[in-house]
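> sequence unknown, structure follows:
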């Protein structure tokens, strides 16, 4: 079973700061997702990565497959970025497990004005 | 993409009762999943909802406690039966078309007294 670890668990930043959230996993995957969860519980998919780097607005996600590690960066953070950020991985391609997700516990980000 | 809605968005229930949560997708998806997120914990997969057949449950989850239906490619229900306070969680529905396309519902926040 894949173990997904995120750090830090909690992060408080001032508006405008550059933020990094880390995710590591223990076994091979077919893809890694970064998700955003707001207080009501709903989840929005931010990125899906299988290699390299992706950028969307102020958000950047990178993955290093060899090191089994991914990072989510937020540039010029804003109070509206306050949310829980969750890393999740798809299993590898064997036995159809690649559709299933294993989740990290999430990182609670608070950005103060 | 696909938009997923869930009903109810939240509920407060008495122990010993049952609650059925509905998940509706605005377009066909290949697979549908139900997740549970207990307070302070990561999301955990309850089961894969299979269209027209019995759901596939993960270890620790059983059909008698969490009966699931999926009558077509856009709708599924999860029932939480004989509830106890330990069932207080957010319940999330998700759908996929391919392993890298994951859509999430807004979640149902359940409190059991």
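Nice, I can see it. What you see is a predicted model; the values in this text were computed from it and never measured.

> for chain A, what are the nearby residues on chain B?
Contact residues, chain B versus chain A (CB under 8 Å from any CB of the partner chain): B:9, B:31, B:33, B:37, B:41-45, B:48, B:90, B:92, B:94, B:96, B:99-109. For every residue, glycine as well, the C-beta is placed using N, CA and C.

> the strands in chain B, which residues?
With DSSP state E as the criterion, chain B has strands at B:4-7, B:10-13, B:19-25, B:31-37, B:44-49, B:56-57, B:68-72, B:75-80, B:89-96, B:102-104, B:108-112.

> Could you tell me the least trusted of the ones you listed?
Sorting those by mean pLDDT places strand B:102-104 lowest, at a mean of 85.

> Now do it: distance to the chain's middle.
13 Å (CA atoms, centre = their mean, to the nearest Å).

> Note down every partner strand of that strand and its orientation.
strand B:89-96 (antiparallel) (DSSP bridges).

> the inter-axis angle of the partner strand versus strand B:108-112?
If you take axes from the mean of the first three to the mean of the last three CA atoms, to 10 degrees, strand B:89-96 sits at 150 degrees to strand B:108-112.

> List the contacts of strand B:89-96.
Around strand B:89-96, the neighbours that count as contacts under CB atoms under 8 Å, 6 or more residues apart in numbering or on different chains are A:41, A:43, A:99, A:101, B:2, B:4, B:6, B:21, B:23, B:25, B:29-39, B:43, B:46, B:76, B:78, B:80, B:102-105, B:107-110.

> When you filter those residues down to buried only, what's left?
Burial by neighbour count, 16 or more other CB atoms under 10 Å in any protein chain shown: within the contacts of strand B:89-96 this picks out A:41, A:43, A:99, A:101, B:2, B:4, B:6, B:21, B:23, B:25, B:29, B:31-37, B:43, B:46, B:76, B:78, B:80, B:102-105, B:107-110.

> low-confidence ranges in chain A?
Within chain A, the segments meeting pLDDT under 70 span A:41, A:93-98.

> Can you pull the residues of it lying near chain B?
Close to chain B, as judged by CB under 8 Å from any CB, chain A has residues A:4, A:30-31, A:33, A:35, A:40-45, A:48, A:50, A:86, A:88, A:90, A:98-101, A:103-106.

> Out of those, list just those in strands.
Cross-referencing the residues of chain A next to chain B against strands under DSSP E gives A:4, A:31, A:33, A:35, A:43-45, A:48, A:86, A:88, A:90, A:101, A:103.

> Out of these, give me the one that has the most neighbours.
Neighbour counts for these peak at residue A:43, which has 28 neighbours (criterion: other CB atoms under 10 Å in any protein chain shown).

> ok, that one touching residue A:36?
Yes. Contact criterion CB atoms under 8 Å: residue A:43 and residue A:36 qualify, at 7.0 Å.

> intersection of neighbour lists for those two?
residue A:86.

> Which residues does the most centrally placed residue in chain B form beta bridges with?
Nearest to the geometric centre of chain B sits residue B:34, at 3.4 Å (CA atoms, centre = their mean). Counting by DSSP bridges, residue B:34 is bridged to residue B:47, residue B:93.

> which residues sit in contact with it?
B:23, B:45, B:46, B:47, B:49, B:66, B:68, B:76, B:78, B:91, B:92, B:93.
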